[in-house]
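Undergrad: Here is a sequence with its predicted model. Questions after.
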Amino acid sequence: MENDAPKHKILYVITQGEWGGAQRYVFDLATNLPPEFEVTVAVGEPKGKRDLQNKLTMNNEQVTNKIKIVQLKYLVRKISPQNDIRAVRELIKLYTDFKPRIVHLNSSKASIVGSFAKMFIVNCSLLIVYTVHGWVFNESITWWRRHVYFWLEKITAHLKDAVIVLSQADYKQAQRLPIAPKKITLISHGIKMEGLFSPQAARAELMTYYSTKQKTNCATSRWVGTIANYYPTKGLDLLIEAIAQRPNDLRDTQFWLIGEGPERKHLTKLLVNYNLEDRIHLTGTIPQASRLLPAFDVFVLPSRKEGFPYVILETMAAGVPIISTSVGGIPEILEDKKSGLLLAPEDPTALRNALTFIFSHPIEAQKLRDNAQKRFNFFTFDTFLKQTTSLYYSLRERCS
């Protein structure tokens, strides 16, 4: 019988469970693979948030093809030689016990630790796939960390059987390491949009996150929003700086920063220093935040570094004009002045000017919105899933 056929075992490894683009990527693949796959997901950062694990657990309650979830004890995001050595040992045991045919690594730390673990498996036949969610050595980190990550990625490149990049920008970086072109595959994200709120319902929902101490009338204001974890790479401090430069230029505008993270304290301090607490709202994490996108007149993503952000695709589908920095794969999603306004990173003045332009040119804003919605049709979830599973099958055939 077909159900008695042996399963194709696949193990996903990811550094942390706190929800973001990489976690959504793993969740989407793990929960949508054909039934002939037996899936295990191993997640690091044992003391961190367990968003991915919780979502997978909820999914398991609704399907018969259960996904096994493993909490790794020693895989952590920061460089930690003691923990990193233990994490390699931990993954060696997992590889040996589960015996996956394919190990799919996600994030730089998982890439490095997971690749080293393969070296210590005797008669190893497992295949290593690595998805680059933006190269970590492009982040705003100390110079020595950049060099360490660059060389570790370079050293472990030969241990990988396939490297998935999400954009042409990351493809070029992969060639610098160098990774053999035959190992590199470009597979862009694709999404399935959840049901959106109406603009009125979305605003009503967001108003519940609005402090009663603040007196400004949000209902009649223009709204600008972003959905991004509070990390330095997201550039949310630059958005605050942009507003603070000439606050009267955008005096009738409310800003909503949906997310959470270690930069909250710094961002809150900036709001207090610039007296902007009544206009910029740090909402914290909101479940299914993309459903609230219709609340915004403009969406802004001021990132210093990106891979291929889901939130840009979601905003295109929601029909909201986009202002973004031109980093990572974003220029491959949006065309400047046609389907979005793209800016250089680290430029608060350009960001403020773009906001004032889009509010003073409603016809141009409408064109940006309409063109972005049309372009969204190039990024379907079915195409993304088909290309990824095809890579799995081709690897098995090539290496069998």
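TA: Sure, I can see it. Numbering: from 1, shown residues only.

Undergrad: Just to check, V163 is in contact with K183?
TA: Yes - using Cβ atoms under 8 Å, V163 is in contact with K183, at 5.4 Å. Heads up, the C-betas are built off the backbone N, CA and C, glycines and all.

Undergrad: residues of the host helix or strand of A372 that come out buried?
TA: Take DSSP states H and E as the rule and A372 turns out to sit in helix 362-375. Of the residues in helix 362-375, those buried by neighbour count under the rule 16 or more other Cβ atoms under 10 Å are A365, L368, R369, N371, A372, Q373, R375.

Undergrad: swap in stretch 343-358?
TA: Buried residues in stretch 343-358 (16+ other Cβ under 10 Å): L343, P345, D347, P348, A350, L351, R352, N353, A354, L355, I358.

Undergrad: Mind telling me what element M193 is part of?
TA: Here M193 is assigned to no helix or strand, by DSSP H and E.

Undergrad: Tell me who's in contact with R352.
TA: A242, I243, Q245, R246, D249, L250 (Cβ atoms under 8 Å, 6 or more residues apart in numbering).

Undergrad: ok, the last one - how many residues close by?
TA: Burial of L250 is recorded as 20 neighbouring residues (other Cβ atoms under 10 Å).

Undergrad: so where is the chain shaky, pLDDT-wise?
TA: For the chain, the stretches with pLDDT under 70 are 1-6, 122-123, 140, 211-220, 398-400.

Undergrad: Sketch out the strands for it, chain order is fine.
TA: Listed in chain order, the strands of the chain (DSSP state E) span 8-14, 37-43, 68-71, 102-106, 127-132, 162-165, 184-186, 222-227, 253-258, 280-284, 298-301, 322-325, 341-343.

Undergrad: Could you export those strands as JSON lines, including distance to Y25?
TA: Listed next are the strands of the chain as JSON lines, based on distance: least, Cβ to Cβ, whole Å:
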{"stretch": "strand 8-14", "distance to Y25": "9"}
{"stretch": "strand 37-43", "distance to Y25": "12"}
{"stretch": "strand 68-71", "distance to Y25": "16"}
{"stretch": "strand 102-106", "distance to Y25": "7"}
{"stretch": "strand 127-132", "distance to Y25": "7"}
{"stretch": "strand 162-165", "distance to Y25": "10"}
{"stretch": "strand 184-186", "distance to Y25": "14"}
{"stretch": "strand 222-227", "distance to Y25": "16"}
{"stretch": "strand 253-258", "distance to Y25": "20"}
{"stretch": "strand 280-284", "distance to Y25": "23"}
{"stretch": "strand 298-301", "distance to Y25": "18"}
{"stretch": "strand 322-325", "distance to Y25": "20"}
{"stretch": "strand 341-343", "distance to Y25": "23"}
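
Undergrad: Of these, which is nearest M316?
TA: Nearest of those to M316, taken as Cβ to Cβ: strand 322-325 at 7.1 Å.

Undergrad: who touches that closest one?
TA: Applying Cβ under 8 Å, 6+ apart, the set of residues contacting strand 322-325 is 235, 298-304, 306, 312, 315-316, 330, 334, 339-345, 351, 354-355, 358, 368, 372.
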